[in-house]
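Visitor: What follows is a predicted structure for the sequence shown.
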Amino acid sequence: LVTLPEGLKHVAVIMDGHRRWAKNKGLTVKQGHRAGGEKIQVLTRLCSQWGVKVLTIFAFSTENWVRLKEEVDFLMKLFLELIGSQENLDEWTRDGRRVSFIGDKSILSKSLQKALTVMEERTKCNSGLHVIMAINYSGRHDILQATKSIASKVKNGHLTVKDIDQSLFEQELETHCAEFPEPDLLIRTSGEKRVSNFMLWQLAYTEFYFANKLFPDMEEADFMEALMSFKSRQRRYGGQNI
Ligand SMILES: CC(C)CCOP(=O)(O)OP(=O)(O)O
Ligand SMILES: [Mg+2]
């Protein structure tokens, strides 16, 4: 029996390589992103079956707005389709999954904002896999907004400076909604080896796994290989002599 590696509670994924995949196959960028959307389902089902507690997916970064308007509009439409679809809502609810969203939602369309809120509300009490989708998310913005929130609480007397410690700060980060907010394993596809302004505070001691495959080429076996790679990692958190 193959089981989830000990200590692997929170998996994060930077799904990259959709446009290269489309280009390689002579397909459109839209087809590339749609193919990626299908692989999200493969990954979430696998994580749910294996008992992963939290899966954070980097779906759209604040830097992605600079892309062609047609591509950005399509991505937003795809998110609405994925998140707003009754079929997905039913499957995710049946599976007992909880879904949360991190990132600045205020500049998303009203219809997408509504779909995010409905999905969060409908699933907030579920105890299965907690899927966190990062849409218009920025690790630096997350740290900045937490800092501003704490500063205003100190200013109006709700906090003193000495109250500010690691756990208080983490309560102000957007990932405070997660039981296990720090990823144990970060998977990035397409051969790129960078963090791209993802969850900077939370990734402090995360193990990284880089896959050369483009995200739309990832199969269940590739995701399983990534999860199983965690087994061989010796986490010392900067201490513990070898
Ligand atoms: C926005 C994100 C989901 C898309 C990731 O793939 P990508 O468009 O960066 O694809 P490329 O790295 O191949 O350009
Ligand atoms: Mg890319």
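Guide: Structure received. Ligands and ions are numbered 1, 2, ... in the order given.
Visitor: what helix or strand is residue 11 on?
Guide: Under the criterion of DSSP states H and E, residue 11 resides in strand 10-14.
Visitor: Tell me the helices and strands packed up against that strand.
Guide: Here strand 10-14 touches strand 54-61, strand 185-188, going by 3 or more Cβ pairs under 8 Å, 6 or more residues apart in numbering; DSSP states H and E. All C-beta spots, glycine's among them, are computed from the backbone N, C-alpha and C.
Visitor: can we see that at 10 Å?
Guide: When contacts are defined as 3 or more Cβ pairs under 10 Å, 6 or more residues apart in numbering; DSSP states H and E, strand 10-14 packs onto helix 29-50, strand 54-61, strand 130-137, strand 185-188, strand 207-210, helix 220-229.
Visitor: Next SSE downstream of it?
Guide: Strand 10-14 is succeeded, C-terminally, by helix 18-24 (DSSP H and E).
Visitor: Show me what counts as buried in that next one.
Guide: 18-22 (16 or more other Cβ atoms under 10 Å).
Visitor: Other residues contacting it?
Guide: 17, 27-37, 39, 67, 71, 75, 189-191, 213-217 (Cβ atoms under 10 Å, 6 or more residues apart in numbering).
Visitor: Determine if any part of it is in contact with ligand 1.
Guide: Yes - looking at helix 18-24 against ligand 1 by Cβ under 6 Å from any ligand atom, the contacts come from 18-20.
Visitor: Around ligand 1, pick out the residues from the chain.
Guide: 15-20, 59-60, 64, 190.
Visitor: ok, of those residues, which one's closest to residue 92?
Guide: Within the residues of the chain next to ligand 1, the smallest distance to residue 92 is 15.1 Å, found for residue 59 (Cβ to Cβ).
Visitor: residues near the closest one, how many?
Guide: 24 (other Cβ atoms under 10 Å).
Visitor: residue contacts, it?
Guide: By Cβ under 10 Å, 6+ apart, the contact list for residue 59 reads 13-15, 36-37, 40, 75, 78-79, 82-83, 101, 103, 133-137.
Visitor: returning to that earlier point: write the ChimeraX selection for whichever of the contacts of helix 18-24 are buried.
Guide: Under the burial definition 16+ other Cβ under 10 Å, those of these that qualify are selected in ChimeraX by:
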select :17,29,30,32,33,34,35,36,37,39,71,75,189,190,214,215,216,217
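Visitor: pLDDT below threshold where in this structure?
Guide: Counting by pLDDT under 70, the chain shows low-confidence ranges at 242.
Visitor: residue farthest from the centroid of it?
Guide: residue 157 (34.2 Å; Cα atoms, centre = their mean).
Visitor: you'd agree residue 225 is up against residue 209?
Guide: Yes - contact criterion Cβ atoms under 10 Å: residue 225 and residue 209 qualify, at 8.7 Å.
Visitor: Among these two, which residue is more densely surrounded?
Guide: residue 209 (19 against 14).
Visitor: Can you give me the distance of that one to residue 164?
Guide: 33 Å (Cβ to Cβ, to the nearest Å).
Visitor: Kindly report the same for residue 120.
Guide: 28 Å.
Visitor: now do residue 173
Guide: Separation of residue 173 from residue 164 (Cβ to Cβ): 13 Å.
Visitor: What is the neighbour count of the closest residue to residue 84 other than its chain neighbours?
Guide: Nearest residue to residue 84, sequence neighbours excluded (Cβ to Cβ, 6 or more residues apart in numbering): residue 115, at 4.1 Å. By other Cβ under 10 Å, 21 other residues sit near residue 115.
Visitor: re the thing from before, who has more neighbours, residue 173 and residue 164?
Guide: Shown here are residue 173 and residue 164; by other Cβ under 10 Å, residue 173 has more neighbours (21 against 15).
Visitor: Look up how far ligand 1 lies from the residue nearest to the more buried one when sequence neighbours are not counted.
Guide: Nearest residue to residue 173, sequence neighbours excluded (Cβ to Cβ, 6+ apart): residue 146, at 5.1 Å. Residue 146 sits 24 Å away from ligand 1, going by Cβ to the nearest ligand atom, to the nearest Å.
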